[in-house]
Each structure stands twice: as C-alpha cells, then as structure tokens.
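1. Got a predicted structure plus its sequence, pasted below:
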Number of protein chains: 2
Amino acid sequence: MMRIALIGTGNLAIHLVHALTKCSTTELVQWVGRKSTPPKPSLNIPYYTEYQQHIEADLCLIAISDDAISTVAQQLKNIDVLVAHTAGAVSVDELNPIKRKGVFYPLQSFKESITVNWSTIPICIETTNIEDIEILEKLASQLSESVYQINENQRLQLHTAAVFANNFCNHLIRVSQNITAKAALPFSILQPLIRETFERSFSNLATTLQTGPAKRNDAITQQKHLSILQKEDAELYRILSQSIFNTHNT
Amino acid sequence: MMRIALIGTGNLAIHLVHALTKCSTTELVQWVGRKSTPPKPSLNIPYYTEYQQHIEADLCLIAISDDAISTVAQQLKNIDVLVAHTAGAVSVDELNPIKRKGVFYPLQSFKESITVNWSTIPICIETTNIEDIEILEKLASQLSESVYQINENQRLQLHTAAVFANNFCNHLIRVSQNITAKAALPFSILQPLIRETFERSFSNLATTLQTGPAKRNDAITQQKHLSILQKEDAELYRILSQSIFNTHNT
C-alpha cells in the first residue's frame, strides 16, 4: 500500500483525491489545505491545515498554484519523504531545499465539475534522485495506461503545446459557439467537422490538412466573414488568417 | 432515380462522385470538367468538357472554386434544370441568370486523400423556388442523416464559424505538432487532451471550459512558454493570450 499525503484543494487536487480514494493500492493518509473545513467531507479523508510530519507517508504530492510551490517547499524542507509537484511549467528546483524531489504531471485540463478518465491521461514523471523514480512510476501506472519519464525541458515544451491545443483551440471554439448561437443554429451542426478536424490530426500532419480561404488567399470570402464578426473576433480572424497564409505561402 | 449532372473536378467534386456512384437512387448522367481526360476513369462516368443540354437531368450540382461560379452560371443560363452550387460563403444570386437556383452545402473539410462518412456530414440546402427544395431535400437525405434548410445569412455565419473551428484550430494544432516533434515527444501524448478539449465543447459552453495561464494572467508561465517559441508562433501566443484575458477579465 502506497501512503500518500496530498497538499492542495483546487481542481487537480480534488480529482487526485477521487482517483487515490478509488485506487486499491494507495492510501491517502493526509490531505492538507488552507481552508479550515475539509473539502468533500463525505470521503472521510484525514484533513489538516498544515502538513503532519509524524504521519508516515511514502510520497507527498503538491497540487497547488504554480506561484505557491516554492513557499510550500520551504515549509517542507526537513521532511525525508519524496515530494512531487504536479505543474507543467515549474522546474523541479522550485522544490528546493527539499532533499527528495520530483514531478508528477498529469497532462489534462481539470475542472472540478467534469469527470475524467484517469486511465487515458498521460502522466509525466521526473525525480532528482534516480531511485525515487520507481515510486512515481508505480503510482502513475496504477492510475494511467500512459506514463512518460520526461525531462524538465520536454515538460515545458509539452505544456506549451498543450496551451495551443487546449486553451487556444477552446477559445476559438467559443467564437464558433457564439456565431452559431447568433445565427439561431444548433452548435451540434459543427460537431462532425470539429471531430474530423482533431481526429485527422492524430494520423496526419496538420500542415497537410490545412484548407480554407486563408491558405488560398481568398480575399473575397475573407471580407464576407469579417463583415459578420465583432471587432475582437475580427482581429483574431485577421491575425490567424495572416499566419496561415505566411505558413503556406512563404 | 434522380439524374444528376456534376460540374467540377476538385476535392469536393471527387467526393460527390464517389457518394453519388454508390447511392442506389441517384445516377450521375454527366460529369463536366475543364481537364481533357476524365478523372477517375475506372468509375466509367460519362465525362465532358462542356455541359450537355441534350442529356436529361433533374439536378445540376456545381462544385468548383467560389470565384468561377458566376462565370459557369452564365454558360448555363438557358437550362431549365435546378442548378445548385456547393459553396458556404457564396450567395445563391451568383447563379443568376439561371432560373431555378439552389445551394447544396456539405459542412465538412474535403481532402481527396481522406475518406469521409457522408451519413454524418450536415448538408445545408436552400432554393429560390420553394417547390425545388424537395429535390435537394431528397438528395441530401439520401446521402446524410443531417439535413438543414437554412438561409443565406445563416450559411455565411456557419461558414465563418467553421473557419474558426476547423481552419484556425488546425493551424494551432500544427504548432503543437511542431513543438512536440522538436521536444522528441510523440504527438500522441496530446491526444487525450485534444479529444477532451473538443468533446467537452459539445455539451458545455467553451467559455466555461477555459483554463490556462492566459485566463488567470499568469505572466511567469507565459514568459516560460514564450521563451521556447519561434517568432511567429510567439506572436500568435501573445495575441491569443491577450484575447483570452480580455474575454474573461473585462
């Protein structure tokens, strides 16, 4: 049984609590947060507002906001447990002066209200002591079928790629949803196109899949599109179209 | 049996030829293109370089580039067959002076090398004579399970929404693919995140799904991301991040 302490009460922390509670080979021995009352009291997890050193743990996971990681690391400096943060764009060195450091980064966008299937979520792991990697490897493979041991630079690049694929695409889908709503059309009409867009990218280079007025520099169609867009969306349209044109015509 | 003439030899035309050939209730009576030799000779479709008025047809479909539609319409001005173009952002009036005009717009991105499942492709139809809608309705419902009778303004809005959801998202996925390749990581590591991104948008408003450093104005993370991006991708990153911030913080 792997005994785990978890620090944090945000979206990812809540999802980790659910996953670790369900997993038969892990035990959540303490859950630490700033809130005075425990989140999810029905789960009956031992909850504290400060880390309890006297409770035996094999691993301490920190799932808090990026900018709080180094402060929390200072408070944990004397513990001899492996401590891993869960952030994509934070160096493992931010856990200094902790002795046994690591990263346990699940590559997914977590919203408390949206359930996730942990078995499909890639988990990227890293440790500063080579012998500690086994602990993260064991936990990751109990939660997920895809575990990657990657270095800090790869993790930052992956996090950046994820911003383009998730944050930015979601922002563009928001524009599509606004347009269909304004046109009194169900957004479901775009589902087959959207599904094809990303499913095709899994087996083709997106650069070979590009179509549309921007690629072929079709100014007449672009003007028609711009005529129905609000100012800020029109600005996005212009810049993305220019970028597509530059990519495919220079 | 619906007798169909098809003008055009591009991506969409080729896909239409395959679909109409397979359909048991349609007959492709002539295929018209500028090329002197017939594309797909193995399909044995009567091929001409000019429209043949003496061949009986119930419908003439025009699947050519947007800017050629009005020129071809001039050449067809004396025919008494319903003529429908297949473009998302072109007015049915571009078919003037043809008497019986319509639009048959399949909402999908067509690449000759990528097979499509017509039954899931939404087909948007419109005719200037109300009695002609039945012809397009009949054909559309033989090819697809989703048929929408929409007006010109709705079609332009839909086409614009499709540019954001398909053309622009594909361009951003291209950036993600470049980053993972540079990091020596398989692009498949991003698949679960990408699939979630789009699938979630089918049952939620994208504005409620937004996460990431741009939304929470996390300048430190944004600087790290910018440090590994090439100039043009960094520019896209800045503008999309600013747009996300403006959307969620004003």
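-> Happy to help now that I have it. Numbers count the residues shown, from 1 in each chain, chains lettered A, B, ... in the order given.

2. Contacts only, for residue A:246.
-> Applying Cβ atoms under 8 Å, 6 or more residues apart in numbering or on different chains to residue A:246 gives the contacts residue B:232. C-beta: built from backbone N, CA, C; applies to glycine.

3. do residue A:114 as well
-> B:200, B:204, B:209.

4. try residue A:76
-> A:51, A:60, A:83, A:98.

5. what do you get if the cut-off is 6 Å, keeping everything else the same?
-> By Cβ atoms under 6 Å, 6 or more residues apart in numbering or on different chains, the contact set of residue A:76 is A:83, A:98.

6. Next one: it from residue A:29, what distance?
-> Distance of residue A:76 to residue A:29, computed by Cβ to Cβ, to the nearest Å: 15 Å.

7. which stretches of chain A form strands?
-> A:2-7, A:26-32, A:47-48, A:59-62, A:82-85, A:101-106, A:123-127, A:147-149 (DSSP state E).

8. most packed of these?
-> Compared across the strands of chain A, strand A:82-85 shows the largest average neighbour count, a mean of 26 (mean count of other Cβ atoms under 10 Å in any protein chain shown).

9. Any idea how far that one is from the middle of the chain?
-> The chain centre lies 17 Å from the centre of strand A:82-85; the measure is Cα atoms, centre = their mean, to the nearest Å.

10. by contact count, what packs against that strand?
-> Applying 3 or more Cβ pairs under 6 Å, 6 or more residues apart in numbering or on different chains; DSSP states H and E, one finds that strand A:82-85 contacts strand A:59-62, strand A:101-106.

11. domains in chain A, as residue ranges please.
-> Per the record, chain A has its domains at A:2-150, A:155-249, by automatic domain parsing.

12. Mean pLDDT added to those, as CSV?
-> Listed next are the domains of chain A as CSV, based on pLDDT from 0 to 100:
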stretch, mean pLDDT
domain A:2-150, 96
domain A:155-249, 97
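
13. Mind naming the longest helix for chain A?
-> The single longest helix within chain A, with elements called by DSSP state H, is helix A:231-249.

14. Which positions within that helix qualify as buried?
-> Applying a neighbour-count criterion of 16 or more other Cβ atoms under 10 Å in any protein chain shown, one finds A:233, A:236, A:237, A:239, A:240, A:241, A:243, A:244, A:245, A:247 buried in helix A:231-249.

15. What separation do you get for the third one and chain B?
-> The span separating residue A:237 from chain B equals 7 Å under the rule Cβ to the nearest Cβ, to the nearest Å.

16. What residues does that residue make contact with?
-> residue A:229.

17. you'd agree residue A:165 is up against residue B:175?
-> No: contact criterion Cβ atoms under 6 Å: residue A:165 and residue B:175 do not qualify, at 8.4 Å.

18. Next up, the contacts around residue A:51.
-> Going by Cβ under 6 Å, 6+ apart, residue A:51 touches residue A:32.

19. ok, it to residue B:197 distance?
-> The value you get for residue A:51 to residue B:197, if Cβ to Cβ is used, is 34 Å.

20. Then residue A:160?
-> For residue A:160 relative to residue B:197 (Cβ to Cβ), the value is 15 Å.

21. These two: who's more crowded?
-> Neighbour totals were compared for residue A:160 and residue B:197, and residue A:160 leads with 28 against 25 (other Cβ atoms under 10 Å in any protein chain shown).

22. And for the closest residue in space to that one that isn't next to it in sequence, the neighbour number?
-> Leaving aside its sequence neighbours, residue A:160 sits nearest to residue B:225 (Cβ to Cβ, 6 or more residues apart in numbering or on different chains; 4.4 Å). Per other Cβ under 10 Å, the neighbour tally for residue B:225 reads 27.

23. Verify the stated contact: residue B:225 with residue A:161.
-> No: using Cβ under 6 Å, residue B:225 is not in contact with residue A:161; the gap is 9.6 Å.

24. can you give me the helices for chain A?
-> Under the criterion DSSP H, helices of chain A are mapped to A:11-22, A:69-75, A:133-143, A:152-162, A:169-182, A:191-201, A:206-209, A:219-227, A:231-249.

25. Could you dump those helices into CSV and include distance to residue A:107?
-> Below are those laid out as CSV (distance: least, Cβ to Cβ, whole Å):
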stretch, distance to residue A:107
helix A:11-22, 11
helix A:69-75, 18
helix A:133-143, 11
helix A:152-162, 6
helix A:169-182, 15
helix A:191-201, 16
helix A:206-209, 19
helix A:219-227, 33
helix A:231-249, 25
